[in-house]
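J.: Predicted model, plus sequence, below.
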Amino acid sequence: MELFKIKLKNNHYLYLFLIYLLIAVPIAYLRFPDIRNEIKYFIISKNILIKENYFVLRYFSEFYPDKPPLYFWILSFCQKIFPNNFFFVSVLLTSIVPSFILIIFFYKFLKNFKSKDGAFLMTLSLLTIPFFFGVSIFARMDILMSLFIFLALYYFFGFYYKFIKISNINLFLFYLFIFLALFTKGLAGFFLPTLILFVFLIVEKKLNFLKKIRFIKGNIFIICLIGLWFLVIIFEPQGKEYINAIIFKEAIGRVMKSKVHIRPFYYYIEQIPLIIFPYGILLLISLIHYIKNMFFTFTWTKLEKISFVWVVSSLIIFSLASGKLSIYLLPIFPAMVILIYEAILNNKNKKYIEYGLKSVEIFSILAPILNKKFNSEKKLYNRFLNINISLLIIFFSLIFFIKIYNDNYTLKKFLPYLKQSSEKIVAYDFSDAKNLEFYIDKHIDNLTNISYDNNNIIILTRKNDIANFENKNYILIDKNKEYFLYKKIK
């Protein structure tokens, strides 16, 4: 079974493991969770344990059909087994470990086309993209879905290029990964790998390959699993209403007429320089070249075809959806890295590529210094290695600033006071503040005006709203750079 054939034949696996152990793990252990998303997810997982309902998810008393249940099952497991270290263990199991597995299989995938050193360098470049590394230390389902999508595509391209045998067990894993991607974050988990393999086979003029991978039977298998999931929901209290919410609010509503994260069609192209920083300019240069030469794919390398189809088809389908967020592009980061390297290694637009590479070195801050000291000959491999080392040094240095971040930009410092306070706690125009109920076990109302009769209250607000409380009947109890805590006086 191909999935379990990893062996530590060289130090590359060890280096990757140490990066996670020495940088990602300490940061995840020290940081305080995000009030808007992470703690919200903790409340949903807590409700699963309280109500003992693993299929109808609730955020406080409301339905939460936004996401499938797999990710929340893992959170519930962490909360039940590791209550004292719940946050750290949840980040470890839902993000750090999936990110590490994705990185390992990305390296393993590349070794089928590149030398071990070349594959390792490209893998390091993926790992050290700040956006990718950052998501890997947050308790979100995005990296978990990206892992399942990547594993599905790893198997598909393995089947196609014959480094994975087409067997019953491998086909089972291939379609299971597609379902698990869907079961983690919804339709994108199904449509993205399916779209990529379809477009790739069209480019290759090999649509008949679908028969070899039993595509129809595989999708019937996925549909049966979805049907089983829905069948279980139907027999839960309010199950039918919940299914309607999944289908019409999420599956259809978010794609066609999203009410949140509405962006123009060109949003992702506009955001690429930031999303894949510091490689954004280099990626745009690479994309422009390949788009100009897209009718000559017969001259491209295998990795050029794979990465171009993966990136462009994904960008188009995501751009067509009404709701857009930068994090939605996370599953195509591996292909973006491949596309950049292929453009450089195959000398595409050499002059412009050099400009793009210099921009990456400058944005990575320390790379020019490292090149001057250790790479006077400006060897390409060492230039990329120094970019990666520069970013890793910066990531490692963040460990020493986590306490400053927690104290100044999170709500951590307010928790002791809020827990012991006997006054009523309210938030002013700050709906996410109610998520703090997870930590303080007290109800928090959200006010949209300050005409509140009860004097015995504590008010939590953000810095943008402090003008409403200055020079009035309020005293400042505590503050940091982002949040303020007031007490109303007579």
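T.: Nice, I can see it.

J.: Buried residues, stretch 308-328. List them.
T.: Neighbour counts over stretch 308-328 (16 or more other Cβ atoms under 10 Å) mark 308-315, 317-318, 321-324, 326, 328 as buried. (C-beta placed from N, C-alpha, C; glycine too.)

J.: Just these: which are in helices?
T.: 308, 309, 310, 311, 312, 313, 314, 315, 317, 318 (DSSP state H).

J.: In this structure the fourth one contacts residue 339, no?
T.: Meaning residue 311. Yes. Applying Cβ atoms under 8 Å as the test, residue 311 and residue 339 come out as touching, 5.7 Å apart.

J.: Overlap of the contact sets of the two?
T.: Residues touching both residue 311 and residue 339 (Cβ atoms under 8 Å, 6 or more residues apart in numbering) are residue 287.

J.: Which residue ranges of the stretch 251-400 of the chain form helices?
T.: For the stretch 251-400 of the chain, applying DSSP state H, counting those that start in this stretch gives helices covering 253-256, 267-275, 280-292, 302-320, 333-345, 350-363, 367-374, 380-398.

J.: Could you list every helix and strand in contact with the third one?
T.: Secondary-structure packing of helix 280-292 (3 or more Cβ pairs under 8 Å, 6 or more residues apart in numbering; DSSP states H and E): helix 267-275, helix 302-320, helix 333-345, helix 350-363.

J.: Let's see it as PDB, backbone CA atoms only.
T.: Listed next in PDB are the C-alpha coordinates belonging to helix 280-292 (Å, rounded to 0.1, in the frame of the first residue of the first chain):
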ATOM      1  CA  GLY A 280       4.300  36.500  -5.700                       C
ATOM      2  CA  ILE A 281       6.100  38.500  -8.500                       C
ATOM      3  CA  LEU A 282       7.900  35.400  -9.600                       C
ATOM      4  CA  LEU A 283       4.700  33.400  -9.800                       C
ATOM      5  CA  LEU A 284       3.000  36.100 -11.900                       C
ATOM      6  CA  ILE A 285       5.900  36.200 -14.300                       C
ATOM      7  CA  SER A 286       5.800  32.400 -14.500                       C
ATOM      8  CA  LEU A 287       2.000  32.300 -15.100                       C
ATOM      9  CA  ILE A 288       2.200  35.000 -17.800                       C
ATOM     10  CA  HIS A 289       4.800  32.900 -19.700                       C
ATOM     11  CA  TYR A 290       2.900  29.600 -19.500                       C
ATOM     12  CA  ILE A 291      -0.400  31.200 -20.500                       C
ATOM     13  CA  LYS A 292       1.300  32.700 -23.500                       C
END
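
J.: Quick one, grab the pLDDT at the residue nearest to residue 362 when sequence neighbours are not counted.
T.: Distances taken as Cβ to Cβ, 6 or more residues apart in numbering place residue 368 nearest to residue 362, at 6.7 Å, with adjacent residues excluded. Residue 368 carries a pLDDT score of 89 in this model.

J.: and if you look at residue 248?
T.: pLDDT, read off for residue 248, is 78.

J.: Now do the strands in the stretch 351-490 of the chain.
T.: 424-428, 444-447, 457-462, 474-479, 483-488 (DSSP state E, counting those that start in this stretch).

J.: Next, format the ones you listed as JSON lines and append distance to residue 180 and mean neighbour count.
T.: Formatted as JSON lines, these follow (distance: least, Cβ to Cβ, whole Å; neighbours: other Cβ atoms under 10 Å):
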{"stretch": "strand 424-428", "distance to residue 180": "37", "mean neighbour count": "20"}
{"stretch": "strand 444-447", "distance to residue 180": "35", "mean neighbour count": "15"}
{"stretch": "strand 457-462", "distance to residue 180": "37", "mean neighbour count": "21"}
{"stretch": "strand 474-479", "distance to residue 180": "44", "mean neighbour count": "15"}
{"stretch": "strand 483-488", "distance to residue 180": "37", "mean neighbour count": "21"}
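
J.: which one of the helices and strands packed on helix 280-292 is the most hemmed in?
T.: helix 333-345 (a mean of 24; mean count of other Cβ atoms under 10 Å).

J.: for that one, packing partners?
T.: For helix 333-345, the packing partners by 3+ Cβ pairs under 8 Å, 6+ apart are helix 97-110, helix 116-127, helix 280-292, helix 302-320, helix 350-363.

J.: So for that helix, mean pLDDT?
T.: Computed over helix 333-345, the average pLDDT equals 95.

J.: chain center to it, what's the gap?
T.: In terms of Cα atoms, centre = their mean, to the nearest Å, the centre of helix 333-345 is set 19 Å apart from its chain centre.

J.: Can you pull out the low-pLDDT segments for the stretch 101-250 of the chain?
T.: 250 (pLDDT under 70).

J.: thinking again about what came up before, any chance of the ones in helices among the buried residues of stretch 308-328 in JSON lines, with pLDDT and distance to residue 459 too?
T.: Below are these laid out as JSON lines (pLDDT from 0 to 100; distance: Cβ to Cβ, whole Å):
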{"residue": "308", "pLDDT": "97", "distance to residue 459": "54"}
{"residue": "309", "pLDDT": "97", "distance to residue 459": "53"}
{"residue": "310", "pLDDT": "98", "distance to residue 459": "49"}
{"residue": "311", "pLDDT": "97", "distance to residue 459": "47"}
{"residue": "312", "pLDDT": "96", "distance to residue 459": "50"}
{"residue": "313", "pLDDT": "96", "distance to residue 459": "49"}
{"residue": "314", "pLDDT": "95", "distance to residue 459": "45"}
{"residue": "315", "pLDDT": "94", "distance to residue 459": "44"}
{"residue": "317", "pLDDT": "92", "distance to residue 459": "45"}
{"residue": "318", "pLDDT": "91", "distance to residue 459": "40"}
